[in-house]
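A.B. asks: For reference, the sequence and a predicted model appear below.
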Amino acid sequence: MIDSTIIIPNEINTFDELIKALKSHTSFNIFKDSCKRKLRVMKYIPEKEENYTATFLANFRSLCNYAEINDPEEIKILLVNSCSNDFFKIEFMKRINSKGQKIDINEIFKLFNDVVLDELEIINYDSLITLRHVPSGRYLSRSNINYQTGSHRKVVFAGEKFYNASSIWYLTKSCSDQQNTVLYNDKFYLKHKETDEVFGLSCTYKSPTTGHSEAFSDDMIYSNSDCQFISLNSNNTLYVKSKDIVNLREQDTVNDKYLYLRSHDFTFTINNEKFQEVIGHSDRIGANDEWCIELVE
């Protein structure tokens with residue numbers, strides 16, 4: 001239905017001529033400008049609603065069509081400006097730039113959706129996580145039993161091959177100015193969810209079986225309690241994500257070296273209960289130092 005205020009010339013004989021005439025009307029330019037303004041103010045809010053991504057991209061693409069925007073570079077800039085957080089902007093631009101200059105519009109929208117999916121896997125401070133020892137499949141766990149040697153603090157060990165309350169942890173900031181998303185250069189405290197105790201690797205006390213640094217859990221924060229994740233992934237992202245394979249390390253402030261978290265086949269027994277030993281070490285890094293971060297739903 002064409003509005004009665006739009007005058008169609010009598011010499012129009014084809015659809016192409018009709019389209020050209022309609023587009024030359026002032027109202028069409030007003031409509032295009034209105035669509036462009038909507039695109040400039042659109043914001044992608046990931047947590048807004050179920051299926052929001054599909055709805056957002058469908059609306060965005062429709063507005064681009066209405067505004068006759070078909071330049072990939074312009075669409076890329078509009079999408080970047082719609083991103084509501086730094087993770088989206090940085091990660092989306094990184095992936096766009098990795099594709100080089102020749103990228104089509106469909107690929108731009110696909111990359112945006114890929115970033116959306118990755119955002120669901122991002123580890124934030126206070127997110128509940130587990131750390132699964134890659135070689136053994138056992139989860140880093142905290143016991144209610146105290147060591148009978150060393151510090152006599154709570155035992156940390158490689159527990160079951162499924163996670164439970166003893167193996168759920170969360171991260172807290174070691175500096176107040178850190179952003180909410182966990183980065184690979186961040187220092188943080190690893191806390192046990194059920195007890196709020198802080199994980200640590202001792203600078204002085206030795207593990208019961210192999211005599212390496214004792215891994216423990218305690219309600220005190222020590223000078224070397226802050227940890228770092230070291231990425232073992234090939235994607236070179238700044239952000240820590242679920243399913244990332246990492247090393248975890250702490251600074252040995254007494255001996256001025258890094259201690260890396262390791263588990264191995266060595267065990268020890270307390271009160272007839274057997275534990276797979278977890279230790280800190282400063283030897284050569286190997287497969288036994290690999291841990292998989294898993295986000296707890």
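C.D. replies: Sure, I can see it. In this text, all values refer to a predicted model and were calculated from it rather than measured experimentally. Numbering: from 1, shown residues only.
A.B. asks: Show the residue spans covered by the strands in this protein.
C.D. replies: Here the chain has its strands, by DSSP state E, at 128-133, 140-146, 154-158, 169-173, 188-192, 198-206, 213-218, 227-231, 245-252, 257-270, 273-281, 291-295.
A.B. asks: Would you convert these into CSV that also reports mean pLDDT and distance to residue 118?
C.D. replies: C-beta coordinates here come from the backbone N, C-alpha and C atoms, glycine included. As requested, the strands of the chain are exported to CSV (pLDDT from 0 to 100; distance: least, CB to CB, whole Å):
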stretch, mean pLDDT, distance to residue 118
strand 128-133, 98, 16
strand 140-146, 98, 24
strand 154-158, 98, 29
strand 169-173, 97, 19
strand 188-192, 98, 20
strand 198-206, 97, 27
strand 213-218, 98, 31
strand 227-231, 96, 15
strand 245-252, 97, 16
strand 257-270, 97, 25
strand 273-281, 98, 30
strand 291-295, 98, 12
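A.B. asks: Nearest to residue 88 among those would be which one?
C.D. replies: Nearest of the strands of the chain to residue 88, taken as CB to CB: strand 291-295 at 18.2 Å.
A.B. asks: Measure how that closest one sits relative to strand 245-252, angle-wise.
C.D. replies: Compare the direction of strand 291-295 with that of strand 245-252 by axes from the mean of the first three to the mean of the last three CA atoms, to 10 degrees and you get 110 degrees.
A.B. asks: Direction included, what does strand 291-295 pair against?
C.D. replies: When pairs are called by DSSP bridges, strand 291-295 turns out to pair with strand 128-133 (antiparallel), strand 245-252 (antiparallel).
A.B. asks: I'd like to know which helix or strand in this structure has the lowest mean pLDDT.
C.D. replies: helix 15-23 (a mean of 62; mean pLDDT, DSSP states H and E).
A.B. asks: circling back to that earlier point, out of the strands paired with strand 291-295, which one sits most buried?
C.D. replies: For those, the largest average neighbour count (mean count of other CB atoms under 10 Å) is found in strand 128-133, namely a mean of 22.
A.B. asks: for residue 34, what are its contacts?
C.D. replies: With contact taken as CB atoms under 8 Å, 6 or more residues apart in numbering, residue 34 is in contact with no other residue.
A.B. asks: Surely residue 227 touches residue 190?
C.D. replies: Yes - here residue 227 lies in contact with residue 190, judged by CB atoms under 8 Å, at a distance of 5.3 Å.
A.B. asks: shared neighbours of the two, anything?
C.D. replies: With contacts taken as CB under 8 Å, 6+ apart, the residues that reach both residue 227 and residue 190 are 199, 248.
A.B. asks: Of the strands of the chain, give the one that comes closest to residue 92.
C.D. replies: Distances from residue 92 to each of the strands of the chain were compared using CB to CB; the minimum, 19.9 Å, belongs to strand 227-231.
A.B. asks: gap between the residue nearest to the spatial centre of the chain and residue 46?
C.D. replies: For the chain, the residue sitting closest to the mean C-alpha position, by CA atoms, centre = their mean, is residue 122 at 1.8 Å. Relative to residue 46, residue 122 is positioned 10 Å away (criterion: CB to CB, to the nearest Å).
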